[in-house]
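sequence below, structure please.
(one chain, ligands or ions: 1)
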Amino acid sequence: MAHQDTMEKLVALCLNRGFIYPSSEIYGGINGFWDYGPLGCEMRNNIKAAWWQRMVRVRNDMVGLDSSIIANPETWVASGHVENFHDPMVDCRRCKRRFRADQVDSRCSDAEDGAHDLTEPKQFNLMLKTRIGASEDSAIEAYLRAETCQSIFLDFKRVMGSSRQKPPFGIAQIGKAFRNEITPRNFIFRSREFEQMEMEFFCPPAEASDWFQYFREYRFQSHLDLGIDPARLRWHEHGPDELAHYCREAYDIEFEFPFGWQEFEGIHDRFDFDLKAHSAHSGKDQTYTNPETKERYTPFVVETSVGVDRTMLVLLCSAFTEDEVGGEKRTLLKLSPSIAPIKVAVFPLSKKIAEPAERIAAELQRRFNTAFDVSGNIGRRYRRQDEIGTPFCVTYDFDSETDQKVTVRERDSTEQERISIDSLSGYLSQKILGY
Ligand code: GAP
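Have a look, this model is predicted:
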């Protein structure tokens, strides 16, 4: 119950403070689709930037790609998604509703003496379809991509050649993916339109196990570095009946959401499944020949795959805190400064001294996303920023007029420090960016 309560409070906060809204709300919304408001899109951009920095920018063995959402439909035949990307569905003859076969017991209450009255399971493909072309008759049917990685496999040779990379090296991509999920649920946890951050690492077959182990640790550590509570993260190894058709080994990093432990990120050993499948289906060779040893092989692939939306929910759940300051209850998001949508808020103590405070805000805005707030008492202004995760608030008071110093207040500890205006930007830079 307490957990449900947390989720309800978090959803309300996201709605009221401009993080996440239901899509097309004035028409009643549409199940499994969400819009990200002003703070939500800032936070998503920060999540993507942090991932890109970690996966591409700081590494010499990784390059980026931004491919189209729609690919030649043969892609999805070769990848196995047309044949295998299914959920088995059953209809309840009593309530006339449709369920995923493995979820009937938990979701359908129309059982008599513990027995359901169900139709035989039917396979339901999760890929969303669209039609391309001017006329209905000649239009071809295509798919909105169900995972972003397939184009990485299709472009593997182009990227390798044009970026002068050779195995072992990786290609990273961030982009939208679509799945006709039967039961989109738990806010943005499982939606029908979502964004993935995926990396495919191409290596000699003999090195695949070591790289798999390496990227498991690399990804886990990057979640810890974003400030996620280690007690709420754990590993789950896929058993033989859970493995996707393209995997020979897979681990999920799970997070303890208010609704239970669930998948956060997948680390997959895709061996040479995809490159071989596309090579066979397209007739285009996807092997690599080592110029020194002349050894020719199809690279093995280690994949790391995580949702932007899923990461956002993890970070919000992990950051959501209620405590008491000076006998007053407050809600705060303990987001890491790199992820917080607004990094610093500047307050003049009184409207009479708004102008110099505004000048400070304008100066800080050049480096950090900065808010300026003149309305309400200082306590209320602090609460508003705490609730959206702003790590620092700067108050310009009447003493500032003479000593040229401001009060910097830290969100979690609420500790305050007097800092000279001249050194403010450098001080905040050290705290927010680490340099
Ligand atoms: N390319 C491999 C792949 O797509 P996956 O386990 O199906 O693997 C990877 O998805 C990640 O994408 C998940 O761990 C999750 O973070 C995110 N994800 C998958 N389906 C999602 C959905 N319906 N809504 C939001 N995020 C989703």
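
gap between the two ends of stretch 342-360?
15 Å (Cα to Cα, to the nearest Å).

and the closest residue to the ligand within the stretch 1-150 of the chain, how many residues sit next to it?
Residue nearest to the ligand within the stretch 1-150 of the chain: residue 147 (3.6 Å; Cβ to the nearest ligand atom). Placement of C-beta: from N, CA and C, glycine included. Neighbours of residue 147 under the rule other Cβ atoms under 10 Å: 22.

what's the closest non-adjacent residue to it?
Leaving aside its chain neighbours, residue 147 sits nearest to residue 177 (5.6 Å; criterion: Cβ to Cβ, 6 or more residues apart in numbering).

any buried residues in the helix or strand hosting the one you found, and which?
Using DSSP states H and E, residue 177 falls within strand 169-178. Across strand 169-178, burial judged by 16 or more other Cβ atoms under 10 Å covers 169-175, 177-178.

so which bits of the stretch 301-435 of the chain are right by the ligand?
Taking Cβ under 6 Å from any ligand atom, the part of the stretch 301-435 of the chain that reaches the ligand is made up of 303, 305-307, 309-310.

one more: the stretch 51-200 of the chain?
147, 149, 179, 181, 190-191, 194, 196, 198.

as JSON lines, these with pLDDT and secondary structure would be great.
Converted to JSON lines, these look like this (pLDDT from 0 to 100; DSSP: H, G, I helix; E, B strand; the rest coil):
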{"residue": "147", "pLDDT": "97", "secondary structure": "coil"}
{"residue": "149", "pLDDT": "98", "secondary structure": "helix"}
{"residue": "179", "pLDDT": "97", "secondary structure": "coil"}
{"residue": "181", "pLDDT": "92", "secondary structure": "coil"}
{"residue": "190", "pLDDT": "96", "secondary structure": "strand"}
{"residue": "191", "pLDDT": "97", "secondary structure": "coil"}
{"residue": "194", "pLDDT": "98", "secondary structure": "strand"}
{"residue": "196", "pLDDT": "98", "secondary structure": "strand"}
{"residue": "198", "pLDDT": "98", "secondary structure": "strand"}
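
derive a PyMOL selection command for the buried subset of those residues.
Only the buried entries of those go into this PyMOL selection, using 16+ other Cβ under 10 Å:
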select buried, resi 147+149+179+181+190+191+194+196+198
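
so which of the residues of the stretch 51-200 of the chain next to the ligand is the closest to residue 4?
residue 190 (17.3 Å; Cβ to Cβ).

what's the closest non-adjacent residue to the residue of the chain found nearest the ligand?
Of the residues in the chain, the one nearest the ligand is residue 307, at a distance of 3.2 Å by Cβ to the nearest ligand atom. In this structure, residue 307 finds its nearest non-sequential neighbour in residue 194, 5.3 Å apart by Cβ to Cβ, 6+ apart.

residue 10 touches residue 316, doesn't it?
Yes. Using Cβ atoms under 8 Å, residue 10 is in contact with residue 316, at 6.0 Å.

burial count for residue 182?
Neighbours of residue 182 under the rule other Cβ under 10 Å: 18.

for residue 14, same thing?
24.

that one in helix, strand or coil?
Following DSSP: H, G, I helix; E, B strand; the rest coil, the label given to residue 14 is helix.

does the residue nearest to residue 147 touch residue 196 like I think?
Yes. Look at residue 177 against residue 196 with Cβ under 8 Å: they come within range, at 4.9 Å.

so what sits against both of these two?
147-148 (Cβ atoms under 8 Å, 6 or more residues apart in numbering).

related to what we said a few turns ago, what about the residues of the stretch 301-435 of the chain next to the ligand, which are in strands?
For those, membership in strands holds for 303, 305-307, with DSSP state E as the criterion.

can you give me the strands in the stretch 201-350 of the chain?
For the stretch 201-350 of the chain, strands defined by DSSP state E, counting those that start in this stretch occupy the ranges 233-237, 249-257, 260-271, 288-289, 296-297, 300-307, 320-325, 328-333, 344-348.

need the ones you listed in JSON lines with mean neighbour count and mean pLDDT, can you?
Below are these laid out as JSON lines (neighbours: other Cβ atoms under 10 Å; pLDDT from 0 to 100):
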{"stretch": "strand 233-237", "mean neighbour count": "14", "mean pLDDT": "98"}
{"stretch": "strand 249-257", "mean neighbour count": "20", "mean pLDDT": "98"}
{"stretch": "strand 260-271", "mean neighbour count": "20", "mean pLDDT": "98"}
{"stretch": "strand 288-289", "mean neighbour count": "15", "mean pLDDT": "98"}
{"stretch": "strand 296-297", "mean neighbour count": "12", "mean pLDDT": "98"}
{"stretch": "strand 300-307", "mean neighbour count": "24", "mean pLDDT": "98"}
{"stretch": "strand 320-325", "mean neighbour count": "13", "mean pLDDT": "95"}
{"stretch": "strand 328-333", "mean neighbour count": "16", "mean pLDDT": "96"}
{"stretch": "strand 344-348", "mean neighbour count": "26", "mean pLDDT": "98"}
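
and the strands in the stretch 51-200 of the chain?
62-65, 86-91, 98-100, 122-125, 129-132, 140-143, 169-178, 193-203.

helices or strands up against the fourth one?
Spelled out, that is strand 122-125. Contacts defined by 3 or more Cβ pairs under 8 Å, 6 or more residues apart in numbering; DSSP states H and E place strand 122-125 against strand 86-91.
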